[in-house]
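1. below is the sequence, then the predicted model.
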Amino acid sequence: MTIKRRDLLLSGGAFVGSALVGALAPASAHEYELGKLTIEHPWLRAPKDGETTAYFYAFVHNKGEADRLIAVKSPNIGTIEFHPGAGPEKSTNGIEIAAKKKTTLSPEGAHVVLLDIKKINPVGWGFELTLVFEKAGEVEIDAAVDAPDAKHAHDAEALARWEKAHSADSKGPAPAAGEHDHHHHHDHDAPEHKDEHKDK
């Protein structure tokens, strides 16, 4: 059943009492536990109009040994590319998750490019993905869909620009079953990203 998360969020973005993925109950709307890993604030830069490429970011806190993000899965995406930095250089063996540290996937750092997207929920909603780690295994997450030019998760200015440009349909269609609405209001400062990926 589709959950409208804006109805479940408190003023600070805290999430109350719903197991979203099987028995996995996140501590907040944007935090997921997997063994020694905590995936925090997963989000996507939505494809630009007419394009089918999105970008995945998150904070991964690792309290254990080194691990590696080796796959991001969804029936609604085609292929993925791992990038160890902001540039076009690709990694063929995933993204390293350092031991006892926080690994940041961001517009100006390591990130995952999602290619050939068949369907994605509108900006402001959520999009379900499965993250696969080499050692820790798999975890299903619900990534916030942010504007194509968002500089960081829940970029209010980018959202306002997107809504203005899409004022006729800014609410967008209801998400597919199992995909959830996001309207959080906590921001994380981040430098501007120089987007070097475009659809071919």
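-> Right, received. Where do you want to start?
2. tell me the buried residues in the helix or strand of the chain with the lowest mean pLDDT?
-> In the chain, the helix or strand scored least confidently by mean pLDDT, DSSP states H and E is helix 156-165, which has a mean of 92. By neighbour count on 16 or more other Cβ atoms under 10 Å, the buried set for helix 156-165 is 158, 159, 162. The C-beta positions use only the backbone N, C-alpha and C, and glycine is treated the same way.
3. tell me the contacts of the last one?
-> Residue 162 is in contact with 123, 147, 148, 149, 170, counting by Cβ atoms under 8 Å, 6 or more residues apart in numbering.
4. can we see that at 10 Å?
-> Contact analysis of residue 162 by Cβ atoms under 10 Å, 6 or more residues apart in numbering lists 46, 49, 122, 123, 124, 146, 147, 148, 149, 150, 155, 170.
5. three-state assignment of residue 120?
-> State at residue 120, reduced to three classes by DSSP: H, G, I helix; E, B strand; the rest coil: coil.
6. okay, and the beta partners of the residue nearest to it when sequence neighbours are not counted?
-> Distances taken as Cβ to Cβ, 6 or more residues apart in numbering put residue 127 closest to residue 120, at 5.7 Å, once the chain neighbours are dropped. Beta-bridge pairing of residue 127 under DSSP bridges involves residue 143.
7. filter the contacts of residue 162 down to the buried ones, ChimeraX style.
-> Under the burial definition 16+ other Cβ under 10 Å, those of the contacts of residue 162 that qualify are selected in ChimeraX by:
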select :46,122,123,124,146,147,148,149,150,155
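8. okay, the contacts of residue 162 in TSV with pLDDT next?
-> Below are the contacts of residue 162 laid out as TSV (pLDDT from 0 to 100):
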residue	pLDDT
46	96
49	93
122	91
123	93
124	91
146	96
147	96
148	96
149	95
150	95
155	90
170	48
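9. the contacts of residue 162 in strands, which ones?
-> Using DSSP state E, residue 146 are the members of the contacts of residue 162 that sit in strands.
10. wouldn't residue 70 be in contact with residue 134 here?
-> Yes. Look at residue 70 against residue 134 with Cβ atoms under 10 Å: they come within range, at 5.1 Å.
11. find residues that contact each of those two.
-> Between them, residue 70 and residue 134 have 93, 94 as joint contacts when contacts are counted by Cβ under 10 Å, 6+ apart.
12. got the end-to-end distance for stretch 141-158?
-> The separation between the terminal residues of stretch 141-158, taken as Cα to Cα, to the nearest Å, is 23 Å.
13. what distance do you get for residue 103 to residue 167?
-> With the distance defined as Cβ to Cβ, to the nearest Å, residue 103 ends up 38 Å from residue 167.
14. more neighbours: the two, which one.
-> residue 103 (19 against 8; other Cβ atoms under 10 Å).
15. how about residue 146: what's its closest non-neighbour residue?
-> Using Cβ to Cβ, 6+ apart and skipping the chain neighbours, the partner closest in space to residue 146 is residue 43 (5.4 Å).
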